[in-house]
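S.K.: Turn this into a model:
(one chain, ligands or ions: 2)
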Amino acid sequence: MPEQKLDKKKITLTVIFDNIAYLSDLTTDWGFSCVIQTDKDTVLFDTGSRGKILLQNMVKLKIDPQSIHSVVISHTHWDHLGGLDDFLAINPHVEVYIPNSTSQEDEKKIAARGVRSIRVELSHRIATGIFSTGELAGEMPEQSIVIQTARGLVVVTGCAHPGIVNILSQVQSLFPREKINLAMGGFHLKSFSNEKVEQIIDLIQGLGIQQIAPSHCTGEAAIAIFSQRYQENFIQSGVGRRMVLEAKD
Ligand SMILES: [Zn+2]
Ligand SMILES: [Zn+2]
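M.R.: Ligands and ions are numbered 1, 2, ... in the order given. Predicted coordinates for the structure are as follows:
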């Protein structure tokens, strides 16, 4: 019999909405969403711009919308919030974690589905091994997700409006004993010059971030620079990208 190692618990991260393609049979549209599955919980982070596409992609990726326990909204721009109402129409049995700055109007739309929303101001535990950074200030206040894995922390950002370096620095101060293994999501570098992107990557590498999987609003030019700089530690992302990680003991 082949020798078997003791199985560690798995965490599966799947990008289900992105304007960048990874698997060709999925639909791309402007926005971002991913699903985080552990042995106990399933968390939906952001909902893309359109519910129909969100739900179609979810089904194609064999993720049951009913399996989701919690929804975390990074910030209330339409390309992250747009799919929420359609999702809640088919699964209202969730809690929705919204940034503290969310308008009453957006909160009321969630309540209209009979769903409880929780305003997040400071770092908050969402599920076992999954946390919100808390709302960070910026041109648009935003929360990001932190996942504890055997190889270190994974940080998932929506648009990173408070600044990707600020967000990653905040994560390091929230988890001073842990290193960040991977940062992924939208880094909002579309309007930055190549030189500025290089400087930002210097800072990110200075923080010891080992792997990088930028997508959504990072911008094609910036993604190409990340790829050059990170080499084998650059992870191509986009809708359909799935990563299976080992949970922290
Ligand atoms: Zn966005
Ligand atoms: Zn945004």
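
S.K.: report the longest helix in the protein, please.
M.R.: In the chain, assigned by DSSP state H, the helix with the most residues is helix 194-206.

S.K.: just the CA coordinates of that one, formatted as CSV?
M.R.: Taking Å, rounded to 0.1, in the frame of the first residue of the first chain, the C-alpha atoms of helix 194-206 are listed here in CSV:
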residue,chain,number,x,y,z
ASN,A,194,5.4,51.5,-14.6
GLU,A,195,8.0,53.2,-12.4
LYS,A,196,5.4,53.7,-9.6
VAL,A,197,4.3,50.1,-9.9
GLU,A,198,8.0,49.0,-9.6
GLN,A,199,8.2,51.0,-6.4
ILE,A,200,5.1,49.5,-5.0
ILE,A,201,6.4,46.0,-5.8
ASP,A,202,9.7,46.9,-3.9
LEU,A,203,7.5,47.8,-0.9
ILE,A,204,5.4,44.6,-1.2
GLN,A,205,8.6,42.5,-1.5
GLY,A,206,10.1,44.4,1.4
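
S.K.: how about it: buried residues?
M.R.: Val197, Ile200, Ile201, Ile204 (16 or more other Cβ atoms under 10 Å). All C-beta atoms are positioned from the backbone trio N, CA, C, and that covers glycine.

S.K.: Establish whether the helix or strand following that helix and ligand 1 are in contact.
M.R.: Going down the chain from helix 194-206, the next helix or strand is strand 211-215, by DSSP states H and E. No - Strand 211-215 lies out of reach of ligand 1 by Cβ under 5 Å from the ion, never closer than 10.3 Å.
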